[in-house]
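Asks: Return a 3D structure for these sequence lines:
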Amino acid sequence: MKVKQIVYILLVVGIGALIAYRIKSNAEIGKNVDSGPRITTVSGMILKPQVFKDNIAISGTLEADEQIEIRSEVSGVVESINFKEGSKVTQGQVLLKVNDIELQAQLSKAQTAKKLASENERRAKLLLEKQAISQEEYDIASADFQSASSEADLIAAQLSKTTIRAPFSGTIGLRSISMGTYVTPSTVIAKLVNTDDLKITFSVPEKYASQVSVGTVLTFTTSDSEEEYKATIYAIDPEVDITTRTLRMRAITDNRENGLYPGAYASVKLPLATINDALLVPSEALIPVQNGKRIFVYQNGKAKEVDVQIGARTGKAVRVLTNLHAGDTILTYGVMALKDGAPVEVKLEEFESLTNVQ
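Replies: Predicted coordinates:
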């Protein structure tokens, strides 16, 4: 019995000690609660209007100003090749000669027939003047002469097509034929490209279409170089593509130094309007929410949530379009854990200009 009593006594003492500990802990928590909410220290900045050159970054493709596939309009065996692959050629320069022996023979035959028809027409005219033949017989002779003349002209035109000339000046590419190759109108001989000027084709979202016009100067870079080039918009499609909701445009750039190649990717920076009183905030100050973006503003010692709409971005800043005003103090760093109405202490910092004026 004594052992059992000792166990009961120890159990009562242990329970009592636990209750005393919990009472003391709750009292300390109550003191902490009574001391007031913890004030969070965050970084902030005062909004100031800035000059901002709005622009958008889009992708484009470089295209040759003029580009064709050289083909023969007549079928035949290649008799001579008069160009070197990759060389410059001038407009009208002979590039290729197709064997024309058969056409020469056909032309000779057609010219003989034309001469005979011409003589028959002359004689019929004299006989008609003497009323020795009818008007109908003369008309037949005249028609024969005109038909023979057309046949000779047709063969002469085909004969001229056996000499293939460059339609414009440019650089001719790699040839796909050799001497003696039988070519047809479907045979690609080589490509001729004029790269002195290059076109850049790109599409702009429809909401920016009204801010771009012919004559706008843009800048672009290519994937193989960090050099920045300039181009001028010279043509704009008359309608928006209903599938992509974009408007196609085309600019041209000087490439006489041959630093660019058709078909290359171009990263285009297209300037839009210049805003003289834009409000820019650091990108880390914006909090993504379901319906857009949110930012904290410092008011009366507390953090206040403000829903905002944003515009263009630079590398480190975003333009805010709504619900902020010049002179507002926005919270920029340490805001992810804040709640609306939380007391804060703001450490104002001077931020370097966020504008992208160049």
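Asks: where along the stretch 101-250 of the chain do the helices fall?
Replies: Ranges of helices in the stretch 101-250 of the chain, per DSSP state H, counting those that start in this stretch, are 101-129, 135-160.
Asks: unless I'm mixing things up, residue 191 is touching residue 172, no?
Replies: Yes - contact criterion C-beta atoms under 8 Å: residue 191 and residue 172 qualify, at 7.2 Å. The way it works is simple: take the backbone N, C-alpha and C, and place the C-beta from them, glycine included.
Asks: out of the helices of the stretch 101-250 of the chain, nearest to residue 307?
Replies: helix 135-160 (73.5 Å; C-beta to C-beta).
Asks: Mind listing what's buried along that closest one?
Replies: Using 16 or more other C-beta atoms under 10 Å as the test for burial, helix 135-160 gives 138, 141-142, 144-145, 148-149, 151-152, 155, 159.
Asks: now the angle between helix 101-129 and it, please.
Replies: Here helix 135-160 runs at an angle of 160 degrees relative to helix 101-129 (axes from the mean of the first three to the mean of the last three C-alpha atoms, to 10 degrees).
Asks: Show me what helix 135-160 is packed against.
Replies: Counting contacts by 3 or more C-beta pairs under 8 Å, 6 or more residues apart in numbering; DSSP states H and E, helix 135-160 packs against helix 101-129.
Asks: what is in contact with residue 191 and residue 172 at once?
Replies: residue 70 (C-beta atoms under 8 Å, 6 or more residues apart in numbering).
Asks: residues in contact with the nearest residue to residue 296 once chain neighbours are set aside?
Replies: Residue nearest to residue 296 in three dimensions, not counting chain neighbours: residue 331, with 4.1 Å by C-beta to C-beta, 6 or more residues apart in numbering. By C-beta under 8 Å, 6+ apart, residue 331 lies in contact with 42-44, 285, 295-298, 303, 338, 344, 346.
Asks: quick one: what helix or strand has residue 331 in it?
Replies: For residue 331, the element it lies in under DSSP states H and E is strand 329-333.
Asks: in that strand, what's buried?
Replies: Buried residues in strand 329-333 (16+ other C-beta under 10 Å): 330-332.
Asks: Just give me the closest of the residues you listed to residue 184.
Replies: For the buried residues of strand 329-333, the nearest to residue 184 is residue 332 (70.4 Å; C-beta to C-beta).
Asks: How about the backbone phi and psi for the closest residue to that closest one other than its chain neighbours?
Replies: Counting by C-beta to C-beta, 6+ apart, residue 332 lies nearest to residue 285, which is 4.4 Å off, once chain neighbours are set aside. With angles defined as degrees, to the nearest 10, residue 285 sits at phi -80, psi -20.
Asks: Is it correct that residue 285 is in contact with residue 294?
Replies: No - using C-beta under 8 Å, residue 285 and residue 294 do not qualify as a contacting pair, with a distance of 9.9 Å.
Asks: Of the two, give the one with the bigger neighbour count.
Replies: residue 285 (22 against 18; other C-beta atoms under 10 Å).
Asks: Spit out the contact partners of that one.
Replies: 295-296, 330-333, 335.
Asks: Across the sheet, point out what pairs with the residue nearest to residue 296.
Replies: With DSSP bridges applied, residue 331 shows beta-bridge pairing to residue 44.
Asks: before we move on, back to that, now the buried residues of helix 135-160 in CSV, with distance to residue 53?
Replies: Output for the buried residues of helix 135-160, formatted as CSV (distance: C-beta to C-beta, whole Å):
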residue, distance to residue 53
138, 81
141, 79
142, 75
144, 76
145, 74
148, 72
149, 68
151, 68
152, 67
155, 65
159, 61
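Asks: So the protein: which segments form each domain?
Replies: As given by automatic domain parsing, the domain ranges for the chain are 40-52+276-348, 57-65+194-273, 72-94+167-188, 100-161.
Asks: Which of those comes out lowest on mean pLDDT?
Replies: Here the lowest mean pLDDT among the domains of the chain goes to domain 40-52+276-348, at a mean of 86.
Asks: Give me the distance between the two termini of that one.
Replies: 14 Å (C-alpha to C-alpha, to the nearest Å).
Asks: I'd like the domains of the chain laid out as TSV, including distance to residue 19.
Replies: Shown next, in TSV, are the domains of the chain (distance: least, C-beta to C-beta, whole Å):
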stretch	distance to residue 19
domain 40-52+276-348	35
domain 57-65+194-273	68
domain 72-94+167-188	94
domain 100-161	111
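Asks: got the helices of the stretch 101-250 of the chain as CSV, with distance to residue 318 columns?
Replies: Converted to CSV, the helices of the stretch 101-250 of the chain look like this (distance: least, C-beta to C-beta, whole Å):
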stretch, distance to residue 318
helix 101-129, 71
helix 135-160, 65
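Asks: measure the closest residue to residue 350 other than its chain neighbours to residue 331 for me?
Replies: Leaving aside its sequence neighbours, residue 350 sits nearest to residue 45 (C-beta to C-beta, 6+ apart; 7.7 Å). Using C-beta to C-beta, to the nearest Å, we find residue 45 at a distance of 9 Å from residue 331.
Asks: For the closest residue to residue 198 other than its chain neighbours, give me its contacts.
Replies: Distances taken as C-beta to C-beta, 6+ apart put residue 255 closest to residue 198, at 4.7 Å, once the chain neighbours are dropped. Residues in contact with residue 255 (C-beta under 8 Å, 6+ apart) are 195-198.
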